[in-house]
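In: what follows is a protein structure lacking sequence information:
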C-alpha cells in the first residue's frame, strides 16, 4: 500500500539542546534570520496539494508555503529534522514568521485508504483521553532515553468534534513539557477522503488557544478534496479501506507503524518557543543556529 505521509512530525530538539549547543563557526553569516524570512514565497488563492488530490482556497488572512520552503522553515528555523512528507504550511498573515507569537499549520497526506467513520458516534472521548494519557506516560521512558523532555497530556484543549456531513474532524490537546513552565497547544484537523486523510496540525502555546481555534475553524472551511478523491466517491470494488477508524485516528495509533519517535513527535513543541519561555535570548540563538546551518549548506558542508 502506498503510504505518502505519516502523522505530522514535530520532532524538535529539547530546550536543553539550546543551552548546550556549540557556537557556530565565527565566519560572517551568509543569511540572517530577517533575510531568510524575507526570501520566502508566500502564496494565497487556490492551491493544489498532494498532486491534485485536494485544494486549499487560501484567503488573504493566511499565507501558504510550498513543500520545499515549508520544510526549510521546519528544519532551519524551528530545528526539526528533515521530513520530505511535509506538503506545505499555512501561517496567519497578520503574524510575522519571525515573531514570538508566530505559529503554523503543517500539511501532510496519509494515503492509507478509506477511513470508515461508523465508530464516530460511539466514541467516549473521556475514555479515549484516559487511554491516550496512559500511552504518553508509557512513552516517557523512551523519550528520556532519546534525550527528549518528558511530557504530560493534561487534557483536551478542545474536545474532538466530527462533522459527519463535511467528513472533517478536529481536536486539540493541552500538553505539559518538563522543560517548559507554559503548556503547549497541539491543534489537529483531519479531512477524510476517498483514499486517505489530509492531516493539518498546528503547534502553539495554550495562551493562544482562542485565536488559534478561531483561525483553525477558518482553515477547516477552505480545505477540500477534489473531484474523484472525495469521501462520497468511495468505490468498495476498487478502493482500499483503512485498517483504523475515527478513534484510532484521534489517539494516534495510526502512526505506530512509523516507530515511537514519530508517534510521539506530535507531543514536542517548537523548541524555540520553549527557549523563549525559559528566558533565553531566542532571536540571538536562532540567528546563530540558522546562519550556521544555512552557511554550511552554501559551502557544501
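Out: Received the coordinates, thanks. Computed from a predicted model, the values in this text were never measured in an experiment. Numbers count the residues shown, from 1 in each chain.

In: so who does residue 135 touch?
Out: Counting by Cβ atoms under 8 Å, 6 or more residues apart in numbering, residue 135 makes contact with 251, 252. Any C-beta I mention is one placed from the backbone N, CA and C, and that applies to glycine too.

In: element containing it, please.
Out: In the assignment (DSSP states H and E), residue 135 maps to helix 125-146.

In: check residue 56 too.
Out: Residue 56 is part of strand 54-58 when elements are defined by DSSP H and E.

In: which residues does residue 243 contact?
Out: Counting by Cβ under 8 Å, 6+ apart, residue 243 makes contact with 112, 113.

In: for residue 74, see how far away it is.
Out: Between residue 243 and residue 74 the computed distance is 28 Å (Cβ to Cβ, to the nearest Å).

In: please apply the same query to residue 84.
Out: Here residue 84 is placed at a distance of 11 Å from residue 74 (Cβ to Cβ).

In: before we move on, what about residue 109?
Out: The gap separating residue 109 from residue 74 is 16 Å, by Cβ to Cβ.

In: higher neighbour count, the two?
Out: Ranked by neighbour count (other Cβ atoms under 10 Å), residue 109 and residue 74 place residue 74 first, with 25 against 22.

In: which secondary structure state does that one sit in?
Out: Per DSSP: H, G, I helix; E, B strand; the rest coil, the secondary structure class of residue 74 is helix.

In: for residue 244, see how far away it is.
Out: 26 Å.

In: now residue 155: phi and psi?
Out: As for residue 155, its main-chain torsions (degrees, to the nearest 10) stand at phi 170, psi -170.

In: pretty sure it contacts residue 174?
Out: Yes. Counting by Cβ atoms under 8 Å, residue 155 does reach residue 174; the two are 5.3 Å apart.

In: now the end-to-end length of stretch 70-77.
Out: The straight-line separation of the ends of stretch 70-77 (Cα to Cα, to the nearest Å) is 10 Å.

In: ah, wrong one, I meant stretch 57-64
Out: End-to-end distance of stretch 57-64 (Cα to Cα): 10 Å.

In: pLDDT averaged over it - what is it?
Out: Averaged across stretch 57-64, the pLDDT comes to 97.

In: any idea how far stretch 202-210 is from the chain center?
Out: Remark: stretch 202-210 is offset 13 Å from the chain centroid, using Cα atoms, centre = their mean, to the nearest Å.

In: give me the mean pLDDT for it.
Out: 92.

In: give me the element the residue most central in space within the chain is part of.
Out: Nearest to the mean C-alpha position of the chain, by Cα atoms, centre = their mean, lies residue 201 at 3.8 Å. Using DSSP H and E, the element containing residue 201 is strand 197-205.

In: gap between that strand and the chain center?
Out: Here strand 197-205 is found 4 Å from its chain centre; the criterion is Cα atoms, centre = their mean.

In: equivalent analysis for stretch 35-42, please.
Out: Distance, stretch centre to chain centre, for stretch 35-42: 20 Å (Cα atoms, centre = their mean).

In: begin at 95 from now on, thanks
Out: I'll keep to 95 as the first residue from here, and by that count the last item is stretch 129-136.

In: in that stretch, what's buried?
Out: For stretch 129-136, a neighbour-count test (16 or more other Cβ atoms under 10 Å) marks 130, 131, 134, 136 as buried.

In: can you name the element that comes right after the lowest-mean-pLDDT helix or strand in the chain?
Out: Sorted by mean pLDDT, DSSP states H and E, the helices and strands of the chain end with helix 109-114, the least confident at a mean of 32. On the C-terminal side of helix 109-114, the closest following helix or strand by DSSP H and E is helix 127-132.

In: what strands flank whatever helix or strand residue 285 lives in, and is each parallel or antiparallel?
Out: Residue 285 belongs to strand 278-286 when elements are defined using DSSP H and E. Applying DSSP bridges to the sheet, strand 278-286 is found paired with strand 262-271 (antiparallel), strand 291-299 (antiparallel).

In: and the helix or strand just after the shortest one with strand 278-286, angle?
Out: Yep, that's strand 291-299 we're talking about. Note on strand 291-299: by DSSP H and E, the next helix or strand toward the C-terminus is helix 303-315. Angle of helix 303-315 versus strand 278-286, following axes from the mean of the first three to the mean of the last three Cα atoms, to 10 degrees, is 20 degrees.

In: outside of helix 303-315 itself, list whatever touches it.
Out: Contacts to helix 303-315, defined as Cβ under 8 Å, 6+ apart, come from residues 153, 155-156, 184, 186, 197, 199, 251-252, 262, 264, 266, 279, 281, 283, 285, 294, 296, 298.

In: just give me how far stretch 286-300 sits from the chain centre.
Out: With Cα atoms, centre = their mean as the basis, stretch 286-300 stands 8 Å off its chain's centre.
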